[in-house]
Structures are given as structure tokens and as C-alpha cells.
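Asker: coords below, sequence missing:
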């Protein structure tokens, strides 16, 4: 009697492996997408808090400036060099010095960038929905932190293929809050 497997047994095992892989791979890809988006959102929230601490330590305004490029958004951190606040003209003239950057989220978190999913609702009632503008910091696209720990207020939206986050910056305290959009309930939830 010969030892081994019949072609039917081998085909059954191959079919079983293919079926299980077909079920598991999409869930694994969704989890990886969510993991990257979570990492990017936490990283950006930490960068904002680092800028806040830098402003307190230096006793000078520090800003995180967001710039739209053809490849997405980049951000850089600047410190006030002439005690009149951080201004785009002073950055262009080298008066307000570059502390770090420019940097892009996609360089560290693949398939994740500043952006919004289609049809995204507003974070708070009475506030307009973000539309296609992921950097909601007023007209300057800068989050500015003062020596007292306060800041400009606003929201920064970060998305991956399936996942959406927003970082809220509270002006009075300069602190941030991270929220995730739950597509099933169509609500924002704290992380």
C-alpha cells in the first residue's frame, strides 16, 4: 500500500486554505488601514502638543504651519523671531525661524494624509461640515501656540482609505482632543 495523499484530499485542503484566506485578508487589510490612521492621528496630536510645550519653554509663539502641495499637505514648525506673532511674511523672510520640518504624514504612514471622507458631518452641531478642507484653522492654516499655553482653535482632519479622525485644538487651553468617525452610527466618538 502506497503512502501519500490523493488528488481529492490535496484539492480539498487547497480549497479550504483559499476560502479562509479570502475571508481573512479583507479584514486584515481594514485593520491595517485603521492602525495606520490611528498612528497618524496620534502622531499629529503629539506634534501639536510638542509645539505647545516648545512655546511655553521658549516664552515665544510657536506655530505648526500647514501647506497644500501637489502631493498633499506638508507641515512645519516655526518660532516667532521678532515678538509680533508668527506671520507668513516673516516666515518667507526668515524672521520667524524654522524649528522642524517640512514633513508629510504619508512619509511615515502610508495611505494616510490630511483629508476628509465624502459626506463627512460636522464635529459639533451648529458648525459647518469640513467639506474638502481638512485644515480648519482659519485663513492662515497655522495652529499657533503662545507662551501661556493657549492657542488658536480649530480642527485638523486625517484620513486613510476607510478611517477618519479629527484633532480638535481648544484655544483657551491649547490642548487637543482626538475623535474618530464611526461610519455605522454616523457619529464622532472620542478616542
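Answerer: It's in. In this text, all values refer to a predicted model and were calculated from it rather than measured experimentally. Residues are numbered from 1 along each chain as shown.
Asker: Check the offset of the host helix or strand of residue 78 from the chain's centre.
Answerer: Per DSSP states H and E: residue 78 is located in strand 72-79. Relative to the centre of its chain, strand 72-79 is centred 13 Å away, using C-alpha atoms, centre = their mean, to the nearest Å.
Asker: now what about that strand, what contacts it?
Answerer: 47, 51, 54-55, 58, 60-67, 86, 91, 96-106, 113-115, 134-135 (C-beta atoms under 8 Å, 6 or more residues apart in numbering). Where C-beta positions appear, they are placed from N, C-alpha and C, glycine not excepted.
Asker: in its sheet, what does it sit against?
Answerer: If you go by DSSP bridges, strand 72-79 pairs up with strand 62-69 (antiparallel), strand 97-103 (antiparallel).
Asker: Go through those strands and pick out the most buried.
Answerer: Of all these, strand 62-69 has the most neighbours on average by mean count of other C-beta atoms under 10 Å, namely a mean of 20.
Asker: closest one to residue 191 among the strands paired with strand 72-79?
Answerer: strand 62-69 (19.8 Å; C-beta to C-beta).
Asker: Show me what that closest one is in contact with.
Answerer: Residues contacting strand 62-69 (C-beta under 8 Å, 6+ apart): 47-48, 51-52, 54-55, 73-80, 86, 88, 91, 96, 99, 102, 104, 114, 135, 137, 140-145, 156.
Asker: please redo it, this time with the cut-off set to 6 Å
Answerer: Here strand 62-69 makes contact (C-beta atoms under 6 Å, 6 or more residues apart in numbering) with 51, 54-55, 73-79, 86, 135, 141-145.
Asker: go on, stretch 99-106?
Answerer: Outside of stretch 99-106, the residues within contact range by C-beta under 6 Å, 6+ apart are 40, 74-77, 79, 112-113.
Asker: re earlier: tell me which of the strands paired with strand 72-79 lies nearest to residue 130.
Answerer: strand 62-69 (13.8 Å).
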